[in-house]
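Asks: Compute the structure for the input listed below.
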Amino acid sequence: MTILEKLRTAIEEGYPGDMERLVKEALDMPIEPMRIVEEAMMPAMQSVGEEYKNQDADILRILAAARCIRKGFEVLEEHAEDFERSSIGTVIVGTVEGDLHDVGKNLVAIMFRSAGFRVIDLGVDISEKQFLKAVRETPEVSIVCISSLLTTSITEMQQVVRSLRRNDPEKKYKIMVGGGAVTRQLAESMGADAYTENCVEAAEVAKTFMV
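Replies: Numbering: from 1, shown residues only. Take a look at the predicted model:
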C-alpha cells in the first residue's frame, strides 16, 4: 500500500494520529502538498461525505474523518509556506450572532478545505460588523458562508446578508447560507446566492462559483 493509499485509509477509518504521522512521511519523501490533498485527502473526504449524504455513514464517522482532514491541513500548513497560495479561492465562514452551534460550520469548513479552498473560520456568535470587517480585510474573498441552526438567529442572518450586499454592489463574492433554521425559500428571500442542506453539497456548489 502506497503512502497516499494509507492516508486515504486513515481518513476513511478516522485515525487523526496516523494522519499526522503519514502526512509528515509523505512530505519527507518528498510528495508535493497539493498532491497529498488531491490524491489522498480530497478523495477520502468525498467518499465519506457521499456515504453520509446517502445515509450509509453516521455523523460520528464524518466527524472522525473531518478531524483527520483538519490535522492533515495543520501539518501541511506548518511544512509548506506556499501551500495556501495554491488554493482555488478564499472562503469566509461563520455562525451568526446569537448562535453558538459549530458542528455544521466546522464540517462545511473541512469540506471547503478538502475541495481546495483557503478557509477563514470566524467561529460562532459572529456579528454583522465582524463579518463586514473580515470581508474588508480579505479583498481576495470569493465566498462568504453564513450558518444558523436557531430560528431566533434568522433575523440576524438576514441583516448580515443585506449588509454584505450593500458592501459589495459589484458582487465580487458570493454569499452562501445554511443550517437547520434555513430553507431554500428563506435563502432566496434574503438575497443569498446559494443554499445547501449539507457540507458535501456546500463544497460542490462552491466549486461551481469558481469556474
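Asks: got the contact list for residue 158?
Replies: Taking C-beta atoms under 8 Å, 6 or more residues apart in numbering as the criterion, residue 158 is in contact with residue 190. Quick note: C-beta positions are derived from backbone N, CA and C, even for glycine.
Asks: Let's verify residue 188: helix, strand, or coil?
Replies: For residue 188, the secondary structure call by DSSP: H, G, I helix; E, B strand; the rest coil comes out as helix.
Asks: can you pull the buried residues of the longest helix belonging to the chain?
Replies: Counting by DSSP state H, the longest helix found in the chain is helix 59-79. Using 16 or more other C-beta atoms under 10 Å as the test for burial, helix 59-79 gives 61-69, 71-73, 75-76.
Asks: just stretch 158-170 next, same as before
Replies: Neighbour-count burial for stretch 158-170 flags 158, 159, 160, 161, 164, 168 (criterion: 16+ other C-beta under 10 Å).
Asks: So for the protein, the centremost residue is which one?
Replies: Centroid check for the chain by C-alpha atoms, centre = their mean gives residue 109 as the closest residue, at 2.0 Å.
Asks: Taking helix 59-79 as reference, get the angle to the strand or helix carrying it.
Replies: If you go by DSSP states H and E, residue 109 is part of helix 103-114. Relative orientation of helix 103-114 and helix 59-79, computed by axes from the mean of the first three to the mean of the last three C-alpha atoms, to 10 degrees: 50 degrees.
Asks: Select from the buried residues of stretch 158-170 every entry located in helices.
Replies: Applying DSSP H to the buried residues of stretch 158-170, the entries found in helices are 158, 159, 160, 161, 164.
Asks: Name the SS class of the residue lying closest to residue 10 once chain neighbours are set aside, please.
Replies: Take residue 10 and drop its neighbours on the chain: the residue closest to it by C-beta to C-beta, 6 or more residues apart in numbering is residue 18, 4.3 Å away. At residue 18 the chain is in helix, as set by three-state DSSP.
Asks: Surely residue 18 is in contact with residue 8?
Replies: No - applying C-beta atoms under 8 Å, one finds residue 18 not in contact with residue 8, separated by 11.3 Å.
Asks: Show me which of these two is the more surrounded one.
Replies: More crowded of residue 18 and residue 8, by other C-beta atoms under 10 Å: residue 8, with 20 against 17.
Asks: what's the burial count for the closest residue to that one other than its chain neighbours?
Replies: Counting by C-beta to C-beta, 6+ apart, residue 8 lies nearest to residue 44, which is 4.2 Å off, once chain neighbours are set aside. Using other C-beta under 10 Å, residue 44 has 25 neighbouring residues.
Asks: element containing residue 44, please.
Replies: Judged by DSSP H and E, residue 44 forms part of helix 42-53.
Asks: who does that helix touch, helix- and strand-wise?
Replies: helix 3-13, helix 59-79, helix 103-114, helix 199-209 (3 or more C-beta pairs under 8 Å, 6 or more residues apart in numbering; DSSP states H and E).
Asks: Looking at the buried residues of helix 59-79, which is nearest residue 103?
Replies: Ranked by distance to residue 103 (C-beta to C-beta), the buried residues of helix 59-79 are led by residue 63 at 7.4 Å.
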